[in-house]
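>>> Could you work out the structure for the sequence below:
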Amino acid sequence: MKDRIAKPGMNPAPDQRDPAAPTVPDEAGGFLALFVEALPNAVLVKDEQHRFVFVNEAFSRLMGRTVQELLGKSDFDFVPAAEARTFWENDDLVLATGLARENEEPLTDADGVEHRLLTRKSRVITPGGQRYVVVTITDITARVTAEQALKQSEERYRNLIEGSIQGILVHDDGRPLFVNHAFASIYGYDSPAEMLALKTLDVLIAPEDVDRMLSYRAARLQGAPAPASYEHRGIRRDGTMIWLEQRSRVIYWNGQRAIQAVIVDISERKRAEQALVAARDEAAAASRSKSEFLANVSHELRTPLNAVIGFSEILRREQLGPLGSGRYREFAEDIHDSGLHMLDLINDILDLSKIEAGRFELHDEVVGVADLLEAVRRLVHERAERSRLALAVEIGEIPPRVRVDVRAVRQVLFNLLSNAIKFTPEGGRVTLLAMLDPGGGLRLEVRDTGVGVAAADIPKAMEPFGQVNNALTRRHQGAGLGLPISRALVELHRGRFLFASEPGVGTIVTVLLPADRVAA
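Next comes the predicted model:
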């Protein structure tokens, strides 16, 4: 190497060698030069004044300068002063002690790009007593950058994990390997370290769920199917029970299979759900009690009412002889009519209570549509005549037969037509229409030109015992059960019940029976 060492500010040449120093044969020197140039590492030789007396091409590329620009100069000529001072301090330490040193040092090249270098510095003393620092350099910028990025990434993820409100756990068949602060807090521990000191986390599982949880864990570790998300009960440090929602999966932790679990405390949600269930059950029980009460009362009232109606019928018809006075006949008529009205009301209440209790059973039979409509028309035509209304039945294209509970459908149409007649003034019109629905079912409509109902009052009209208060309704008896019962009976047939009305214009009630009710 001696014949490649140049004096400061000069290129190395044979006529510039120190005559007092031993020389290396040209052939050997050339070989050494080729060897150094072939190294992937940058190589630099400095004298005691920190001047560059030798550089290879790798160092030249690192610095972004030519060999001629570098030789004879020092670090302060090329890099920021802070970097140069660091280089010199490390050089002086090597020159003084003779001990080789490895350092990680920064270096800014000619383009201003900062590199991170791993340098190895050794002292070399020539036979003439001159001391030099031989520096081999590895550019570790990419590695340092990757390490810094990894460290930053790990720091970000650690902050996310530690800042999470979800409890995060990694365990090896119950032995804790990692827990975050949220996990420790959920179970009532002051720190993750206290939980990591536990030999097993199985003590945190409620006894009722231990077998299920352990079976999930065993299956998961063996690669068998196991639920990824489930709920279970846990035991806090103070012994109180909590409800948890957990998601688990297998991961590799330090090269070994482990289980990662993420938990959320859902105790409040569970308490709310339990309260809702209790309230629902209580409401259902109350509804059943009400329905049973109505059914029982209706049954008990219907028997004596039938007797009242029967006896009043005998009196009205004078079946056992003349009553003697016309007023007795009038009283008998009133008794009979009132009894019939009350019987209708009780029957409606009984039907509604059965429907609400889920005990109303349909008895389907096949009936001709035209026959069904005619039977209903006959039931109401006298009432329409007394009210001086036009009653019409209009039949379009219809299926010849349907499969329905005849009594229930007849009651629906009777209720709708009776309402239409009741709330339509004299001279009005009530129409019963039948046609084939586009969906293949049967469409029945009851239209009237009556007083109508405001949109805001329709929900009230559809509720049991709900009545819209207007001048016409106040003149008629009724408990407000016709529409709710009719809708319920239609829905029992899996049909649809539509109600449209406009004050002063009239009302249209539509019954849509599904296509599977049409008989072949």
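
>>> thought Glu208 was touching Met241?
No: judged on C-beta atoms under 8 Å, Glu208 makes no contact with Met241 at a distance of 9.2 Å. (Glycine included, C-beta is placed from N, CA and C.)

>>> so what sits against both of those two?
Counting by C-beta atoms under 8 Å, 6 or more residues apart in numbering, the contacts common to Glu208 and Met241 are Arg233.

>>> Skipping adjacent residues, who's closest to Leu436 in space?
The shortest distance from Leu436 to any non-neighbouring residue, by C-beta to C-beta, 6 or more residues apart in numbering, is to Glu397 (4.9 Å).

>>> That neighbour in helix, strand or coil?
Using DSSP: H, G, I helix; E, B strand; the rest coil, the secondary structure recorded for Glu397 is coil.

>>> got a list of what the closest residue in space to Ala420 that isn't next to it in sequence touches?
Nearest residue to Ala420, sequence neighbours excluded (C-beta to C-beta, 6+ apart): Asp448, at 3.8 Å. For Asp448, the contacting residues are 420-421, 423-424, 428-431, 506-507, by C-beta under 8 Å, 6+ apart.

>>> What residues are recorded as beta-bridge partners of Asp448?
Per DSSP bridges, the residues bridged to Asp448 are Val430, Thr507.

>>> can you count the residues close to the residue nearest to Leu436?
7 (other C-beta atoms under 10 Å).

>>> repeat for Met241
Met241: 12 neighbours (other C-beta under 10 Å).

>>> Report the beta-bridge partner residues of it.
Ile235.

>>> Hmm, Ile235 and it touching each other?
Yes: under the criterion of C-beta under 8 Å, Met241 makes contact with Ile235 at 6.1 Å.

>>> any common contacting residues for those two?
Common neighbours of Met241 and Ile235 (C-beta under 8 Å, 6+ apart) are Ala206.

>>> how about the helices in the stretch 351-500 of the chain?
Taking DSSP state H, counting those that start in this stretch as the criterion, the stretch 351-500 of the chain carries its helices at 369-386, 406-422, 458-461, 482-492.

>>> With the stretch 151-300 of the chain instead?
Chain-ordered helices for the stretch 151-300 of the chain, with DSSP H, counting those that start in this stretch as the definition, fall at 181-186, 192-196, 210-221, 267-317.

>>> and these as CSV, adding mean pLDDT?
Output for the helices of the stretch 151-300 of the chain, formatted as CSV (pLDDT from 0 to 100):
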stretch, mean pLDDT
helix 181-186, 92
helix 192-196, 92
helix 210-221, 92
helix 267-317, 74
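
>>> so of those helices, which one's packed in deepest?
Mean neighbour count (mean count of other C-beta atoms under 10 Å) peaks for helix 181-186 among the helices of the stretch 151-300 of the chain, with a mean of 20.

>>> Which residues does that helix contact?
Applying C-beta under 8 Å, 6+ apart, the contact partners of helix 181-186 are 162, 164-169, 190-192, 194-195, 234, 236, 242, 244, 263, 265.

>>> Quick one: buried ones out of those residues?
Neighbour counting by 16 or more other C-beta atoms under 10 Å classes 167-169, 192, 195, 234, 242, 244, 263, 265 among those as buried.

>>> Surely Ser122 touches Leu93?
No: contact criterion C-beta under 8 Å: Ser122 and Leu93 do not qualify, at 12.0 Å.

>>> quick one: secondary structure of Val135?
Put simply, Val135 is strand when judged by three-state DSSP.

>>> Who is the nearest residue to Val511 once chain neighbours are set aside paired with across the strands?
Excluding the flanking residues, the one nearest Val511 by C-beta to C-beta, 6+ apart is Leu444, at 4.3 Å. With DSSP bridges as the criterion, Leu444 is bridged to Ala434, Val511.

>>> Which pLDDT does the model give Leu444?
Confidence at Leu444, expressed as pLDDT, is 95.

>>> Serialize the helices of the stretch 351-500 of the chain to TSV and add fields for mean neighbour count, mean pLDDT and distance to Phe183.
Compiled in TSV, these are given as follows (neighbours: other C-beta atoms under 10 Å; pLDDT from 0 to 100; distance: least, C-beta to C-beta, whole Å):
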stretch	mean neighbour count	mean pLDDT	distance to Phe183
helix 369-386	15	90	69
helix 406-422	21	90	60
helix 458-461	15	79	50
helix 482-492	20	87	50
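
>>> In JSON lines, list the ones you listed along with distance to Glu104.
JSON lines is the format used below for those (distance: least, C-beta to C-beta, whole Å):
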{"stretch": "helix 369-386", "distance to Glu104": "96"}
{"stretch": "helix 406-422", "distance to Glu104": "92"}
{"stretch": "helix 458-461", "distance to Glu104": "80"}
{"stretch": "helix 482-492", "distance to Glu104": "81"}
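
>>> Of these, which is nearest Val511?
For Val511, the closest of the helices of the stretch 351-500 of the chain is helix 482-492, at 5.4 Å, according to C-beta to C-beta.

>>> same for that closest one, what does it pack against?
Judged by 3 or more C-beta pairs under 8 Å, 6 or more residues apart in numbering; DSSP states H and E, helix 482-492 is in contact with helix 326-356, helix 406-422, strand 496-502, strand 506-513.

>>> Select from the ones you listed the stretch with the lowest mean pLDDT.
Confidence, taken as mean pLDDT, is least for helix 326-356 of the helices and strands packed on helix 482-492 (a mean of 65).

>>> looking at the helices of the stretch 351-500 of the chain, which is closest to Met435?
Proximity to Met435 (C-beta to C-beta) singles out helix 369-386 among those, at 10.2 Å.

>>> Just want the angle from the closest one to strand 506-513.
Interaxial angle of helix 369-386 relative to strand 506-513 (axes from the mean of the first three to the mean of the last three C-alpha atoms, to 10 degrees): 160 degrees.

>>> Give me the contact list for helix 369-386.
Contact with helix 369-386 is made by 390-391, 393, 395, 398-402, 406, 409-410, 413-414, 417-418, 421, 430, 432, 434, 442, as judged by C-beta under 8 Å, 6+ apart.

>>> gap between the residue nearest to Ala420 and Phe423?
Distance from Asp448 to Phe423, counting by C-beta to C-beta, to the nearest Å: 7 Å.

>>> Find residues that contact each of those two.
Thr507.

>>> Pull the distance from stretch 444-457 to the chain's centre.
Relative to the chain's own centre, stretch 444-457 is displaced by 43 Å; criterion: C-alpha atoms, centre = their mean, to the nearest Å.

>>> got the buried residues for that stretch?
Residues 444-453, 457 are the ones in stretch 444-457 that count as buried (16+ other C-beta under 10 Å).

>>> how long is it from one end to the other?
End-to-end distance of stretch 444-457 (C-alpha to C-alpha, to the nearest Å): 23 Å.

>>> swap in stretch 490-508?
One end of stretch 490-508 sits 16 Å from the other (C-alpha to C-alpha).
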